[in-house]
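Student: Sequence and predicted structure below; questions after.
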Amino acid sequence: MSKITVVGSFSMDLTVTMDTFPKEGQTIIGKKMLKNPGGKGANQCIACARLGGDVEMIGMLGDDENGRIIKDLFIKEGVNVSHVLTTDLEPTTIALIEIDASAQNKIVVVPAANFVYSIEDLQNIKEVIANTEMVVAQLEMRLDVMEELAKMCQKLNVPMILNPAPAVPLSDELLSRVTYLTPNETELSVLTGHPVDTLDQMKEAAQMLLDRGVKHVIATLGDKGALLADVSGMKVIAGYKVHAIDTVAAGDSFNGALAKALVDGKSLEEAILLANAVGALTVTRHGAVPSLPTKSEVEEFIKTH
């Protein structure tokens, strides 16, 4: 059994770069189009694997060329895919990604195969969850599946990292079962209905999530680092200043690195410091999976920054 189990999404990312995003009804000329495997779950899993993590991926692919390309990549990356399922009911998920000259992105995901994965499929891997040291999940699968996963983790006493993206309101029941919640600033606001324009407002929003039962809130703040909030208090863990060219997968690489560091026995603050470095390095490259760094690259980055 793998030490880290990622239960989550796959996609084939179709990425277009442009100077500025088109306005409503406007047609513009793009600069470049890339096709690469992605999906929040897939990105987090491969990020962990490239850092040397012992990791397994759980999820659903379509019975198509995109699905075969993605599965072959995972095998090449050394990820355990023995419980990755294939369906002929829907194609492999597609993500349409726009990136402008300032490295900001807009993303539309067509769920397809990701939403075919069911609670019954999850129940069939209960032994996998019981024998792992950390579960990582996101919200690109069906919400009822994620709720059941959180319930399973709590019952089996397995810590769970939940990256609440794409952000939707979550029940207190689900939040109370999450060990580490990792929203970005926008997701923090969606989860709480609270403004996050200032650090004080972010702290207030984080406290609202702690009050609802989350054990640790780790809000990612881009190059400003991350806000850690738990029963011990609140603290901003410094980030890294870099020239960002593509922010896709920055949060995913952060989550993969966080899981790897925690399983390795690092303190939560040490784990966030490492995850900040991995996220910073990721935004200096194009693409999702292609941007995810290796352990040696991260070590060199930290030395030189």
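Tutor: It's in. In this text, all values refer to a predicted model and were calculated from it rather than measured experimentally.
Student: Going by C-alpha atoms from here, please, whenever you check contacts or count neighbours.
Tutor: Noted.
Student: any idea how far the nearest residue to residue 250 once chain neighbours are set aside lies from residue 220?
Tutor: Taking CA to CA, 6 or more residues apart in numbering as the measure, residue 250 lies nearest to residue 279, with 4.7 Å between them; neighbours along the chain are not counted. According to CA to CA, to the nearest Å, residue 279 and residue 220 sit 10 Å apart.
Student: just residue 197 next, same as before
Tutor: Between residue 197 and residue 220 the distance is 14 Å, computed by CA to CA.
Student: of those two, who's got more company?
Tutor: Here residue 197 and residue 220 are compared on neighbour count by other CA atoms under 10 Å; more neighbours surround residue 220, at 29 against 11.
Student: hey, where'd the helices end up in the stretch 201-305 of the chain?
Tutor: Counting by DSSP state H, counting those that start in this stretch, the segments of the stretch 201-305 of the chain that form helices are 250-263, 268-282, 295-304.
Student: Report the angle between the shortest one and helix 250-263.
Tutor: Following axes from the mean of the first three to the mean of the last three CA atoms, to 10 degrees, one obtains 100 degrees for the angle between helix 295-304 and helix 250-263.
Student: Any buried residues in helix 295-304, and which?
Tutor: Going by neighbour count (16 or more other CA atoms under 10 Å), the buried part of helix 295-304 is 295, 298.
Student: That helix - what's its average pLDDT?
Tutor: Helix 295-304 shows a mean pLDDT of 94 in the predicted model.
Student: What is the burial count for residue 119?
Tutor: Residues within reach of residue 119, counting by other CA under 10 Å, total 15.
Student: Roughly how far does it sit from residue 90?
Tutor: Shown here: residue 119 relative to residue 90, a distance of 17 Å by CA to CA.
Student: do the same with residue 110
Tutor: With the distance defined as CA to CA, residue 110 ends up 11 Å from residue 90.
Student: I'd say residue 229 and residue 218 touch.
Tutor: Yes - contact criterion CA atoms under 8 Å: residue 229 and residue 218 qualify, at 6.4 Å.
Student: between those two, who's got more neighbours?
Tutor: residue 218 (25 against 22).
Student: measure that one to residue 157 for me?
Tutor: From residue 218 across to residue 157, the span is 20 Å (CA to CA).
Student: Counting neighbours, what do you get for residue 34?
Tutor: The burial count assigned to residue 34 is 12, neighbours taken as other CA under 10 Å.
Student: just use 305 as the starting number from now, easier for me
Tutor: Sounds good: first residue 305 from here, last item residue 338.
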